[in-house]
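J.: Provide a 3D model corresponding to the input given below.
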Amino acid sequence: MERKLINFCYKTLGHSHEIVDALYGFYQSQDLSNQSWIDIKCSRSFDSSAALNIYLDYMPEHDIDLSEYDAVIYSNGCEPLIVSTQIMHDSLVSGDAYLACNSYLSPDHPLADRVIWFPANILVLRDLWCRHFTSAFYQAHTFKADIKRDRDLLLINGRLDSWRHHLSIKIQQSCPRIPQKSSVSKSIHETNDSFFESSEDSKFRDTVNDLYAQEIIRNQPSLIKYVSCGIDDKFGRWPQGYFLMPEYFSYRCVIFPESTWQNDEVAITEKILKCAFAGCFPWPVGGSNINRMYNEIGFYTAWNLLPEQLKAFDSEKDHMARYDLMVNAMAWLSENTHVMVDQSAQNMLQSNLVNFLSGSPEVIGVKKFDKIIRRLLENK
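T.: Modelled structure (predicted):
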(Lines give C-alpha, C1' and ligand atoms only; values in the text may rest on other atoms or scores of the structure.)
Protein backbone atom coordinates (compact mmCIF):
# COMPACT_ATOMS: atom_id res chain seq x y z
CA MET A 1 0.00 0.00 0.00
CA GLU A 2 1.30 3.44 -0.94
CA ARG A 3 2.24 5.47 2.10
CA LYS A 4 0.22 8.61 2.67
CA LEU A 5 1.15 11.80 4.49
CA ILE A 6 -1.45 13.52 6.62
CA ASN A 7 -0.64 17.03 7.75
CA PHE A 8 -2.42 18.17 10.90
CA CYS A 9 -2.15 21.93 10.85
CA TYR A 10 -2.92 23.42 14.23
CA LYS A 11 -3.64 26.92 15.38
CA THR A 12 -4.24 26.11 19.05
CA LEU A 13 -4.16 22.54 20.34
CA GLY A 14 -6.80 21.32 22.75
CA HIS A 15 -6.44 18.34 25.06
CA SER A 16 -8.73 16.15 22.94
CA HIS A 17 -6.48 16.66 19.91
CA GLU A 18 -4.31 13.99 21.55
CA ILE A 19 -6.55 11.61 19.63
CA VAL A 20 -4.14 12.20 16.71
CA ASP A 21 -1.38 10.50 18.72
CA ALA A 22 -3.81 7.77 19.74
CA LEU A 23 -4.65 7.17 16.08
CA TYR A 24 -0.98 6.82 15.18
CA GLY A 25 -0.52 4.24 17.94
CA PHE A 26 -3.56 2.39 16.58
CA TYR A 27 -2.04 2.32 13.11
CA GLN A 28 1.31 1.10 14.44
CA SER A 29 -0.49 -1.74 16.22
CA GLN A 30 -1.80 -3.09 12.91
CA ASP A 31 1.66 -4.00 11.64
CA LEU A 32 3.93 -6.69 13.11
CA SER A 33 6.95 -4.43 12.66
CA ASN A 34 5.12 -1.58 14.39
CA GLN A 35 5.04 0.60 11.27
CA SER A 36 2.11 2.89 10.59
CA TRP A 37 0.66 2.75 7.06
CA ILE A 38 0.47 6.54 7.02
CA ASP A 39 2.88 9.29 7.98
CA ILE A 40 1.58 11.99 10.27
CA LYS A 41 3.01 15.47 10.54
CA CYS A 42 1.91 18.18 12.95
CA SER A 43 2.70 21.67 11.71
CA ARG A 44 1.61 25.28 11.66
CA SER A 45 0.99 25.52 7.92
CA PHE A 46 -0.75 23.94 4.94
CA ASP A 47 1.32 21.30 3.11
CA SER A 48 0.45 20.91 -0.56
CA SER A 49 2.37 17.63 -0.76
CA ALA A 50 0.21 15.93 1.86
CA ALA A 51 -2.60 13.55 0.94
CA LEU A 52 -4.75 15.28 3.55
CA ASN A 53 -4.53 18.61 5.30
CA ILE A 54 -6.60 18.69 8.49
CA TYR A 55 -7.00 21.86 10.51
CA LEU A 56 -7.04 21.68 14.33
CA ASP A 57 -8.15 24.41 16.72
CA TYR A 58 -9.30 24.78 20.33
CA MET A 59 -12.46 26.75 21.17
CA PRO A 60 -12.26 29.22 18.25
CA GLU A 61 -14.02 32.55 18.68
CA HIS A 62 -13.55 34.03 15.20
CA ASP A 63 -14.63 32.75 11.80
CA ILE A 64 -11.85 32.26 9.23
CA ASP A 65 -11.76 30.74 5.76
CA LEU A 66 -10.77 27.07 6.05
CA SER A 67 -12.05 25.93 2.66
CA GLU A 68 -8.61 24.74 1.49
CA TYR A 69 -8.50 22.07 4.21
CA ASP A 70 -9.85 18.56 3.76
CA ALA A 71 -11.32 18.56 7.26
CA VAL A 72 -11.57 20.70 10.38
CA ILE A 73 -11.43 19.20 13.88
CA TYR A 74 -12.17 21.39 16.87
CA SER A 75 -11.42 20.57 20.50
CA ASN A 76 -13.13 21.70 23.69
CA GLY A 77 -10.47 20.25 25.99
CA CYS A 78 -12.13 16.85 26.54
CA GLU A 79 -15.26 18.43 27.97
CA PRO A 80 -18.86 17.38 27.25
CA LEU A 81 -20.62 18.70 24.17
CA ILE A 82 -22.08 21.59 26.18
CA VAL A 83 -18.67 23.33 26.19
CA SER A 84 -18.53 25.11 22.85
CA THR A 85 -18.38 28.40 20.99
CA GLN A 86 -20.71 29.85 18.38
CA ILE A 87 -18.18 29.08 15.65
CA MET A 88 -18.00 25.45 16.71
CA HIS A 89 -21.77 25.16 16.91
CA ASP A 90 -22.33 26.61 13.46
CA SER A 91 -19.60 24.48 11.87
CA LEU A 92 -20.85 21.25 13.43
CA VAL A 93 -24.49 21.87 12.54
CA SER A 94 -23.58 22.74 8.94
CA GLY A 95 -21.38 19.66 8.62
CA ASP A 96 -18.21 21.70 8.02
CA ALA A 97 -16.27 20.44 11.06
CA TYR A 98 -15.84 17.66 13.58
CA LEU A 99 -15.51 17.99 17.33
CA ALA A 100 -13.16 15.80 19.37
CA CYS A 101 -14.53 15.81 22.91
CA ASN A 102 -15.62 13.69 25.86
CA SER A 103 -19.15 12.99 24.58
CA TYR A 104 -20.37 9.58 23.52
CA LEU A 105 -23.62 10.17 21.65
CA SER A 106 -26.62 8.02 20.87
CA PRO A 107 -26.81 7.03 17.18
CA ASP A 108 -29.94 9.16 16.72
CA HIS A 109 -28.32 12.27 18.19
CA PRO A 110 -28.24 15.03 15.52
CA LEU A 111 -24.46 15.36 15.86
CA ALA A 112 -23.59 11.67 16.12
CA ASP A 113 -21.62 11.76 12.85
CA ARG A 114 -19.74 14.98 13.69
CA VAL A 115 -18.50 14.19 17.21
CA ILE A 116 -15.42 12.03 17.82
CA TRP A 117 -15.44 10.61 21.33
CA PHE A 118 -12.15 10.87 23.22
CA PRO A 119 -12.58 9.88 26.92
CA ALA A 120 -9.23 11.14 28.17
CA ASN A 121 -10.30 10.89 31.82
CA ILE A 122 -9.93 7.12 31.75
CA LEU A 123 -6.18 7.33 31.14
CA VAL A 124 -5.78 10.26 33.52
CA LEU A 125 -7.44 8.48 36.43
CA ARG A 126 -5.71 5.15 35.82
CA ASP A 127 -2.51 7.15 36.10
CA LEU A 128 -3.57 8.77 39.38
CA TRP A 129 -4.96 5.68 41.10
CA CYS A 130 -2.62 2.97 39.80
CA ARG A 131 0.86 4.51 40.01
CA HIS A 132 2.70 4.07 43.29
CA PHE A 133 4.05 7.62 43.19
CA THR A 134 0.74 9.20 44.22
CA SER A 135 -1.07 9.35 47.54
CA ALA A 136 -4.26 8.22 45.79
CA PHE A 137 -2.65 4.85 45.06
CA TYR A 138 -2.06 4.16 48.76
CA GLN A 139 -5.42 5.58 49.82
CA ALA A 140 -7.14 3.09 47.54
CA HIS A 141 -5.21 0.19 49.06
CA THR A 142 -6.04 1.36 52.57
CA PHE A 143 -9.73 1.77 51.79
CA LYS A 144 -9.96 -1.68 50.21
CA ALA A 145 -8.21 -3.33 53.15
CA ASP A 146 -9.92 -1.51 56.02
CA ILE A 147 -13.46 -0.68 54.92
CA LYS A 148 -16.29 -3.19 55.02
CA ARG A 149 -18.94 -2.83 52.33
CA ASP A 150 -22.05 -3.01 54.48
CA ARG A 151 -24.21 -0.09 53.32
CA ASP A 152 -26.59 0.07 50.40
CA LEU A 153 -27.39 3.29 48.45
CA LEU A 154 -25.93 6.79 48.71
CA LEU A 155 -26.36 9.96 46.67
CA ILE A 156 -23.10 11.87 46.21
CA ASN A 157 -23.94 15.25 44.72
CA GLY A 158 -21.56 17.72 43.16
CA ARG A 159 -22.02 21.41 42.53
CA LEU A 160 -25.69 22.13 43.16
CA ASP A 161 -26.90 23.24 39.77
CA SER A 162 -30.68 23.52 39.76
CA TRP A 163 -31.10 20.19 37.92
CA ARG A 164 -28.93 18.43 40.49
CA HIS A 165 -30.83 20.11 43.30
CA HIS A 166 -34.04 18.81 41.73
CA LEU A 167 -32.58 15.30 41.80
CA SER A 168 -31.74 15.71 45.48
CA ILE A 169 -35.26 16.90 46.31
CA LYS A 170 -36.92 14.06 44.37
CA ILE A 171 -34.83 11.43 46.15
CA GLN A 172 -35.49 13.03 49.51
CA GLN A 173 -39.23 12.96 48.86
CA SER A 174 -39.51 9.45 47.40
CA CYS A 175 -36.57 7.63 49.00
CA PRO A 176 -35.85 9.31 52.36
CA ARG A 177 -33.94 6.23 53.48
CA ILE A 178 -31.18 7.01 50.93
CA PRO A 179 -28.59 9.29 52.56
CA GLN A 180 -27.12 12.22 50.64
CA LYS A 181 -23.64 13.69 50.67
CA SER A 182 -22.59 16.98 49.10
CA SER A 183 -19.42 18.80 50.05
CA VAL A 184 -18.73 20.86 46.92
CA SER A 185 -21.25 23.66 47.48
CA LYS A 186 -24.33 24.45 49.54
CA SER A 187 -25.87 27.21 47.45
CA ILE A 188 -27.82 26.51 44.25
CA HIS A 189 -26.50 27.48 40.82
CA GLU A 190 -28.62 28.01 37.75
CA THR A 191 -28.46 25.36 35.03
CA ASN A 192 -26.74 27.05 32.13
CA ASP A 193 -28.01 26.84 28.59
CA SER A 194 -26.11 25.03 25.88
CA PHE A 195 -25.43 25.55 22.21
CA PHE A 196 -26.74 22.01 21.68
CA GLU A 197 -30.13 21.42 23.25
CA SER A 198 -33.12 19.38 22.22
CA SER A 199 -36.58 20.81 22.83
CA GLU A 200 -36.87 18.50 25.86
CA ASP A 201 -33.53 19.76 27.18
CA SER A 202 -34.55 23.42 26.89
CA LYS A 203 -37.89 22.79 28.54
CA PHE A 204 -36.25 21.00 31.47
CA ARG A 205 -33.61 23.69 31.95
CA ASP A 206 -36.24 26.41 32.04
CA THR A 207 -38.40 24.35 34.40
CA VAL A 208 -35.75 23.70 37.05
CA ASN A 209 -34.38 27.23 36.87
CA ASP A 210 -37.91 28.62 37.37
CA LEU A 211 -38.75 26.06 40.04
CA TYR A 212 -35.80 27.05 42.23
CA ALA A 213 -35.47 30.68 41.11
CA GLN A 214 -35.83 32.06 44.62
CA GLU A 215 -32.97 29.88 45.88
CA ILE A 216 -30.54 30.30 42.98
CA ILE A 217 -27.55 32.58 43.48
CA ARG A 218 -26.47 33.59 39.99
CA ASN A 219 -22.93 33.90 38.63
CA GLN A 220 -21.27 32.02 41.45
CA PRO A 221 -17.65 31.06 40.84
CA SER A 222 -16.79 27.37 40.69
CA LEU A 223 -14.08 26.78 43.27
CA ILE A 224 -11.84 23.80 42.53
CA LYS A 225 -9.32 22.71 45.15
CA TYR A 226 -6.12 21.03 44.00
CA VAL A 227 -3.98 18.40 45.69
CA SER A 228 -0.24 18.14 45.21
CA CYS A 229 1.32 14.77 44.34
CA GLY A 230 5.01 14.07 44.75
CA ILE A 231 7.99 16.00 46.00
CA ASP A 232 7.71 19.59 44.82
CA ASP A 233 4.59 18.64 42.82
CA LYS A 234 6.69 16.23 40.75
CA PHE A 235 3.60 14.23 39.78
CA GLY A 236 1.33 17.17 39.33
CA ARG A 237 -1.51 18.96 41.03
CA TRP A 238 -4.84 17.21 40.78
CA PRO A 239 -8.43 18.34 41.38
CA GLN A 240 -9.52 17.21 44.81
CA GLY A 241 -12.61 15.63 43.24
CA TYR A 242 -10.38 13.11 41.45
CA PHE A 243 -9.43 11.48 44.75
CA LEU A 244 -11.34 8.45 46.01
CA MET A 245 -13.55 8.71 49.06
CA PRO A 246 -14.29 5.97 51.62
CA GLU A 247 -17.99 5.99 50.71
CA TYR A 248 -17.22 4.28 47.40
CA PHE A 249 -15.87 1.33 49.37
CA SER A 250 -18.56 1.16 52.05
CA TYR A 251 -21.68 1.51 49.86
CA ARG A 252 -22.91 -1.02 47.32
CA CYS A 253 -24.40 1.63 45.05
CA VAL A 254 -23.50 5.29 44.56
CA ILE A 255 -25.99 7.59 42.84
CA PHE A 256 -24.41 10.62 41.20
CA PRO A 257 -25.38 13.38 38.75
CA GLU A 258 -23.23 13.45 35.65
CA SER A 259 -21.33 16.45 34.34
CA THR A 260 -23.83 16.66 31.50
CA TRP A 261 -27.59 16.49 31.93
CA GLN A 262 -28.69 16.50 28.29
CA ASN A 263 -30.41 13.69 26.44
CA ASP A 264 -28.56 10.98 24.53
CA GLU A 265 -25.07 11.87 25.70
CA VAL A 266 -22.50 10.29 28.02
CA ALA A 267 -19.35 12.06 29.16
CA ILE A 268 -17.11 9.80 31.22
CA THR A 269 -15.65 11.52 34.28
CA GLU A 270 -14.18 10.51 37.60
CA LYS A 271 -17.71 9.88 38.90
CA ILE A 272 -18.41 6.54 37.25
CA LEU A 273 -14.73 5.54 37.21
CA LYS A 274 -14.58 5.80 41.02
CA CYS A 275 -17.40 3.27 41.15
CA ALA A 276 -15.71 0.95 38.66
CA PHE A 277 -12.39 1.08 40.51
CA ALA A 278 -13.80 0.82 44.03
CA GLY A 279 -16.28 -1.95 43.24
CA CYS A 280 -19.69 -0.36 43.81
CA PHE A 281 -22.60 -0.06 41.40
CA PRO A 282 -22.87 3.30 39.67
CA TRP A 283 -26.25 4.94 39.29
CA PRO A 284 -25.53 7.79 36.85
CA VAL A 285 -28.12 10.53 36.46
CA GLY A 286 -28.10 12.48 33.23
CA GLY A 287 -30.16 12.52 30.06
CA SER A 288 -32.11 9.81 28.29
CA ASN A 289 -30.44 6.51 27.34
CA ILE A 290 -27.48 7.11 29.63
CA ASN A 291 -27.54 3.56 31.00
CA ARG A 292 -27.94 1.96 27.58
CA MET A 293 -24.96 3.96 26.31
CA TYR A 294 -22.84 3.02 29.33
CA ASN A 295 -23.64 -0.61 28.57
CA GLU A 296 -22.53 -0.07 24.97
CA ILE A 297 -19.11 1.13 26.09
CA GLY A 298 -18.71 -1.72 28.55
CA PHE A 299 -19.94 -0.46 31.90
CA TYR A 300 -22.77 -2.01 33.89
CA THR A 301 -24.85 0.27 36.08
CA ALA A 302 -27.46 -0.28 38.78
CA TRP A 303 -30.02 -0.07 35.97
CA ASN A 304 -28.93 -3.58 34.94
CA LEU A 305 -30.15 -4.91 38.29
CA LEU A 306 -33.72 -3.63 37.89
CA PRO A 307 -36.78 -5.60 36.77
CA GLU A 308 -37.60 -4.90 33.12
CA GLN A 309 -40.67 -2.82 33.91
CA LEU A 310 -38.58 -0.41 36.00
CA LYS A 311 -35.96 0.13 33.30
CA ALA A 312 -38.31 2.21 31.13
CA PHE A 313 -37.15 5.52 32.61
CA ASP A 314 -33.85 5.33 30.75
CA SER A 315 -35.42 5.93 27.33
CA GLU A 316 -37.82 8.67 28.47
CA LYS A 317 -36.96 11.97 26.73
CA ASP A 318 -39.06 14.14 29.06
CA HIS A 319 -36.65 14.91 31.89
CA MET A 320 -39.26 15.59 34.57
CA ALA A 321 -41.13 12.39 33.73
CA ARG A 322 -37.87 10.42 33.67
CA TYR A 323 -36.89 11.65 37.14
CA ASP A 324 -40.24 10.52 38.55
CA LEU A 325 -39.82 7.06 37.04
CA MET A 326 -36.18 6.91 38.08
CA VAL A 327 -36.73 7.63 41.77
CA ASN A 328 -39.39 4.91 41.83
CA ALA A 329 -36.72 2.52 40.56
CA MET A 330 -34.32 3.77 43.24
CA ALA A 331 -36.94 3.06 45.88
CA TRP A 332 -37.29 -0.50 44.56
CA LEU A 333 -33.54 -1.09 44.71
CA SER A 334 -33.36 0.28 48.25
CA GLU A 335 -35.93 -2.37 49.24
CA ASN A 336 -34.36 -5.20 47.22
CA THR A 337 -30.68 -4.84 48.03
CA HIS A 338 -30.07 -8.57 47.64
CA VAL A 339 -29.71 -8.09 43.87
CA MET A 340 -26.48 -6.15 44.48
CA VAL A 341 -24.71 -9.03 46.19
CA ASP A 342 -25.54 -12.15 44.17
CA GLN A 343 -23.01 -13.74 41.82
CA SER A 344 -24.30 -12.12 38.64
CA ALA A 345 -23.96 -8.71 40.29
CA GLN A 346 -20.40 -9.48 41.37
CA ASN A 347 -19.57 -10.51 37.81
CA MET A 348 -20.81 -7.12 36.60
CA LEU A 349 -18.63 -5.29 39.11
CA GLN A 350 -15.59 -7.32 38.10
CA SER A 351 -16.30 -6.56 34.46
CA ASN A 352 -16.46 -2.81 35.21
CA LEU A 353 -13.06 -2.94 36.89
CA VAL A 354 -11.46 -4.84 34.00
CA ASN A 355 -13.05 -2.49 31.47
CA PHE A 356 -11.58 0.52 33.26
CA LEU A 357 -8.11 -0.95 33.77
CA SER A 358 -7.85 -2.36 30.23
CA GLY A 359 -8.92 0.90 28.61
CA SER A 360 -11.35 -0.84 26.27
CA PRO A 361 -13.70 2.17 25.91
CA GLU A 362 -10.83 4.33 24.67
CA VAL A 363 -10.57 2.25 21.49
CA ILE A 364 -14.09 3.18 20.36
CA GLY A 365 -13.39 6.82 19.50
CA VAL A 366 -10.06 6.02 17.85
CA LYS A 367 -11.74 3.50 15.54
CA LYS A 368 -14.34 6.09 14.61
CA PHE A 369 -11.54 8.57 13.85
CA ASP A 370 -9.87 5.93 11.68
CA LYS A 371 -13.07 5.53 9.63
CA ILE A 372 -13.24 9.29 9.11
CA ILE A 373 -9.61 9.42 7.93
CA ARG A 374 -10.12 6.52 5.52
CA ARG A 375 -13.27 8.11 4.13
CA LEU A 376 -11.46 11.41 3.59
CA LEU A 377 -8.67 9.62 1.73
CA GLU A 378 -11.15 7.73 -0.46
CA ASN A 379 -12.88 10.98 -1.39
CA LYS A 380 -9.70 12.76 -2.49
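J.: Distance-wise, check the closest residue to M59 other than its chain neighbours relative to K274.
T.: Nearest non-adjacent residue to M59, counting by C-beta to C-beta, 6 or more residues apart in numbering: T85, 5.4 Å away. Backbone N, C-alpha and C define where each C-beta goes, glycine included. From T85 over to K274 the distance is 31 Å, taken as C-beta to C-beta, to the nearest Å.
J.: likewise W283?
T.: Applying C-beta to C-beta, the value for W283 to K274 is 13 Å.
J.: Same check on L310?
T.: Taken as C-beta to C-beta, the span from L310 to K274 is 25 Å.
J.: So those two - more neighbours on which side?
T.: A direct count of neighbours by other C-beta atoms under 10 Å for L310 and K274 places K274 higher, at 26 against 18.
J.: In three-state terms, label that one for me.
T.: helix (DSSP: H, G, I helix; E, B strand; the rest coil).
J.: Quickly find the element holding the closest residue to K181 other than its chain neighbours.
T.: The shortest distance from K181 to any non-neighbouring residue, by C-beta to C-beta, 6+ apart, is to I156 (5.1 Å). Per DSSP states H and E: I156 is located in strand 151-157.
J.: cool, F235 as well?
T.: Going by DSSP H and E, F235 is not in any helix or strand.
J.: Give me the pLDDT for the closest residue to it other than its chain neighbours.
T.: Once flanking residues are discounted, F235 sits nearest to C229: 4.1 Å by C-beta to C-beta, 6+ apart. On the pLDDT scale, C229 is placed at 93.
J.: So what's the residue count around C229?
T.: There are 19 residues near C229, going by other C-beta under 10 Å.
J.: ok, now how distant is N291 from L111?
T.: 21 Å.
J.: the more surrounded of those two?
T.: When neighbours are counted by other C-beta under 10 Å, N291 and L111 differ, and N291 comes out ahead with 25 against 18.
J.: Okay, buried residues for the helix or strand the more buried one falls within please.
T.: Assigned by DSSP H and E, N291 falls within helix 290-296. Neighbour-count burial for helix 290-296, with 16 or more other C-beta atoms under 10 Å as criterion, is recorded at I290, N291, R292, M293, Y294.
J.: So the third one is in contact with D314, correct?
T.: Yes: using C-beta atoms under 8 Å, R292 and D314 qualify as a contacting pair, with a distance of 5.9 Å.
J.: Going by residue numbers, what spans are helices in the stretch 51-200 of the chain?
T.: Using DSSP state H, counting those that start in this stretch, the helices of the stretch 51-200 of the chain run over 86-94, 120-130, 135-146, 162-174, 199-211.
J.: How about the stretch 251-380 of the chain?
T.: Under DSSP H, counting those that start in this stretch, the stretch 251-380 of the chain gives helices at 270-278, 290-296, 319-335, 343-358, 360-378.
J.: mind checking how far the longest one is from the chain centre?
T.: It refers to helix 360-378. Put simply, helix 360-378 sits 19 Å off its chain's centre (C-alpha atoms, centre = their mean, to the nearest Å).
J.: Which strands and helices lie in contact with that helix?
T.: helix 19-29, strand 52-58, strand 98-101, strand 115-117, helix 120-130 (3 or more C-beta pairs under 8 Å, 6 or more residues apart in numbering; DSSP states H and E).
J.: by how many degrees do that helix and helix 19-29 diverge?
T.: With axes from the mean of the first three to the mean of the last three C-alpha atoms, to 10 degrees defining the directions, helix 360-378 sits at 90 degrees from helix 19-29.
J.: again with the first one
T.: On the basis of the same axes, to 10 degrees, helix 270-278 is oriented at 40 degrees to helix 19-29.
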